[in-house]
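Asker: Would you be able to build a 3D model of this:
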Amino acid sequence: MLKRQLMLVVHHDENIEEGLSYTLELARIMKKAISILMIYRRKAMKNFEDYMVATTFAEEGDFKTAKEMIIHDLKVKGIDYEERLKLIKEKCKSQGVELTGISSSKGDLISGIKNLVEDNSSIDMVLLSPSVTNSAKDLLYRLMKSLSMPIVTMVKNIKGKSA
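Answerer: Sure, this is the predicted structure:
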């Protein structure tokens, strides 16, 4: 039987540390594993062909291609994808939390989350990183209507500001 898990949703190009620390602490307390969904986003498509390729892959639900797009985009920014995964795995191990997988998706945030949750019945809760929460405020209501589980939103801690 699969271990119950929390799913952290992050944008592929954000500082994952902001949401990972909280997710690991919550998973440790709740004695659950975690999985991570990286949503590929490109600030602006460079040309019409990029847009058409991304649309086609999103319609087909081609997760491998999303991963390839993420790897390429991070490489252009000087970030090593494999090194990033290694750091995530080490952080999980050091906290005593099992990492069940890292998935990738592109395009529509809600579809990416919904598809992964439907494919993985062991997910009990979805946690949206600060970056995803900030960019998905308009979509949050639709996400809550389409999922029958808790959705946790996170905000970025701004140093020097009081709540």
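
Asker: wait, Ile151 sits on Leu143?
Answerer: Yes: Ile151 is within contact range of Leu143, at 6.2 Å (criterion: C-beta atoms under 8 Å). C-beta here means a position set from N, CA and C on the backbone, and glycine is covered the same way.

Asker: And the two? Which one has more around it.
Answerer: Leu143 (18 against 15; other C-beta atoms under 10 Å).

Asker: distance of the more buried one from Leu99?
Answerer: For Leu143, the distance to Leu99 equals 23 Å [C-beta to C-beta, to the nearest Å].

Asker: Check Gly112 too.
Answerer: 19 Å.

Asker: Could you check which of those two is surrounded by more residues?
Answerer: Applying other C-beta under 10 Å to Gly112 and Leu99 shows that Gly112 carries more neighbours, namely 23 against 20.

Asker: and that one, backbone torsions?
Answerer: Phi and psi for Gly112, reported as degrees, to the nearest 10, are phi -60, psi -50.

Asker: Can you give me the neighbour number for the nearest residue to it once chain neighbours are set aside?
Answerer: Of all residues not flanking Gly112 in the chain, Ser105 sits nearest, at 3.2 Å (C-beta to C-beta, 6 or more residues apart in numbering). Per other C-beta under 10 Å, the neighbour tally for Ser105 reads 25.

Asker: what is Ser105 paired to in the beta sheet?
Answerer: When assigned by DSSP bridges, Ser105 has beta-bridge partners Ile39.

Asker: quick one, what contacts it?
Answerer: Shown here is Ser105, whose contacts under the criterion C-beta atoms under 8 Å, 6 or more residues apart in numbering are 37-40, 63, 66, 111-113, 115-116.

Asker: Now do the same for it: its pLDDT.
Answerer: Per-residue pLDDT puts Ser105 at 82.

Asker: same question, Phe63
Answerer: Looking at Phe63, its pLDDT reads 49.

Asker: Same check on Tyr51?
Answerer: At Tyr51, the predicted lDDT confidence score is 50.

Asker: Then Val126?
Answerer: With respect to pLDDT, Val126 scores 95.
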